[in-house]
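1. Give me a 3D structure for the following:
(2 chains)
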2 protein chains.
Amino acid sequence: VPIERTTTDQRLLRGARTRGQILTRAVDIASAEGLGSVSLGRLAHDLGLSKSGVNGHFASRQALQLAVVSFAARLYADRVLAPAMTQPQGLPRLWAFCHRWLEFMRSGELSGRSFFLTAVVEYDARPGAVRDTLVRYRRRWETVFTQNWHKAESLGHVQADVDPQLLFMEIAGFITVATLDAQLCGNLEPFNLAREGIRHRLRPLLLEPNTLA
Amino acid sequence: VPIERTTTDQRLLRGARTRGQILTRAVDIASAEGLGSVSLGRLAHDLGLSKSGVNGHFASRQALQLAVVSFAARLYADRVLAPAMTQPQGLPRLWAFCHRWLEFMRSGELSGRSFFLTAVVEYDARPGAVRDTLVRYRRRWETVFTQNWHKAESLGHVQADVDPQLLFMEIAGFITVATLDAQLCGNLEPFNLAREGIRHRLRPLLLEPNTLA
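-> This next block holds a predicted model:
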């Protein structure tokens, strides 16, 4: 029995690893070319797997697309939220969130693109489960920011008369335009400009100046 | 001879009108679905023209795509720059530029999308004439803003220690995020938030407050 269980565990582990490989590749393709370019056939080809081997992991094309969106969201959480959570609550965590988000876009990990920007432009006019999921993640991302802002406010780190939704739009705007400009013009300078812009925007809102890392 | 000339004139006029119809439809398709979805066959079908009738206006698929980008740029100029130019130089013209740009996006004329946002996401990683043209228009649009900012500065309307390139990125960010959010979430509220954000951002930079229309 222990041997059998081990074999099953290994099979599950191998399956999970393959699923992770498939989704990693799919997020790359979707970031560069759009979710519409993600197909089971292309994934099988790119990863040297059999088509039925890829097929077995997803019940349908839509199931694959939804899995890709969730996997991308987990990637953003790993790269942006997880390191931000290691910072003290309030302003340090808030600044880490902005900083890590910008650096993740600058890193070029997703072919220098924003997965969510590409997906939103592609799906915002197509009602359905993919679009609903994108709306949910869009709201959740904003909520992370506004909750951290309120925390920073209650800790006396920042001014109390600020609309955090408006501030989130502004920061998202800097990072979005920087990501678009960097890719279009083929250099990373826009990220420096955006970083300066965000710091410049946050500085007058801090109750203790010079606390931005 | 006069009769012949009139016939030629009418033929030219009819040709120009057809070309305008084709490009208007093409800009709509490209804004909603991307330039990749614009084809001579689809345009002929949508406009009830013969395929050869559409074909005759463009030497190649790329010639069609470049004509679509130029036509879109002229549309932005008509809707945004032309009304801004009727305003006095300096701050009134600068504010009209921001305001008209935002209102053009809100109007829903391009299926509620930004032609240039869709095109940039589609073409920013594909070197070639289309991308080069998009880069050129991206720079030109920023130059309109920065030149007007310098004019407003020299007229004593705004503070002198502002980086207009950074300010342009911020305003472009508000309008871009509003356009994306409005389409994704299916309501126009993000445009109100962006308008408030831009006014809020510009107000402290004015030397005579309360001059924003």
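2. Close to chain B: what parts of chain A are there?
-> A:32, A:111-113, A:117-118, A:120-121, A:124-125, A:131, A:134-135, A:138, A:165-166, A:169-170, A:172-174, A:176-178, A:180-181, A:183-185, A:190, A:193-194, A:196-197, A:200-201 (Cβ under 8 Å from any Cβ of the partner chain). No exception for glycine: its C-beta is placed from N, CA and C like everyone else's.
3. Give me the buried entries from the residues you listed.
-> For these, a burial check counting by 16 or more other Cβ atoms under 10 Å in any protein chain shown picks out A:32, A:111-113, A:117-118, A:120-121, A:124, A:131, A:134-135, A:138, A:165, A:169-170, A:172-174, A:176-178, A:180-181, A:183-185, A:190, A:193-194, A:197, A:201.
4. Now, the residues you listed that are in helices?
-> Residues of these located in helices (DSSP state H): A:32, A:117-118, A:120-121, A:131, A:134-135, A:138, A:165, A:169-170, A:172-174, A:176-178, A:180-181, A:183-185, A:190, A:193-194, A:197, A:201.
5. Find the closest residue to chain B in chain A.
-> Nearest to chain B, among the residues of chain A, is A:Gly173, at 2.1 Å (Cβ to the nearest Cβ).
6. That residue is in contact with B:Phe174, isn't it?
-> Yes - A:Gly173 lies in contact with B:Phe174 (Cβ atoms under 8 Å); the separation is 5.2 Å.
7. ok so, going back, now the residue of chain A closest to chain B, nearest residue through space, not along the chain?
-> Nearest-residue entry for A:Gly173: B:Gly173, 2.1 Å, with adjacent residues in sequence omitted and distances by Cβ to Cβ, 6 or more residues apart in numbering or on different chains.
8. who's in contact with the one you found?
-> A:169-170, A:172-174, A:176-177 (Cβ atoms under 8 Å, 6 or more residues apart in numbering or on different chains).
9. A:Leu81: which of these is nearest?
-> Nearest to A:Leu81 among these: A:Ala172, at 15.2 Å, using Cβ to Cβ.
10. what's the closest non-adjacent residue to that closest one?
-> Among residues not flanking A:Ala172 along the chain, B:Val177 sits closest, at 5.1 Å (Cβ to Cβ, 6+ apart).
11. isn't that neighbour right next to B:Pro190, touching?
-> Yes - using Cβ under 8 Å, B:Val177 is in contact with B:Pro190, at 7.1 Å.
12. So which residues of chain A form helices?
-> A:2-33, A:40-47, A:51-55, A:61-76, A:82-85, A:91-106, A:115-123, A:129-154, A:164-185, A:189-202.
13. Just give the nearest non-adjacent residue to the residue sitting nearest the centre point of chain A, would you?
-> Per Cα atoms, centre = their mean, the C-alpha nearest to the average position across chain A is that of A:Tyr76, at 3.0 Å. Nearest residue to A:Tyr76 in three dimensions, chain neighbours excluded: A:Phe104, at 7.1 Å (Cβ to Cβ, 6+ apart).
14. how many neighbours does A:Glu122 have?
-> Residues near A:Glu122, counting by other Cβ atoms under 10 Å in any protein chain shown, number 23.
15. need the contact list for it.
-> A:34-36.
16. Give me the pLDDT for it.
-> Listed pLDDT for A:Glu122 reads 91.
17. how far away is it from B:Ile175?
-> Note on A:Glu122: its distance to B:Ile175, by Cβ to Cβ, to the nearest Å, is 20 Å.
18. next one: A:Ala194
-> For A:Ala194 relative to B:Ile175 (Cβ to Cβ), the value is 15 Å.
19. Cool, thanks, signing off.
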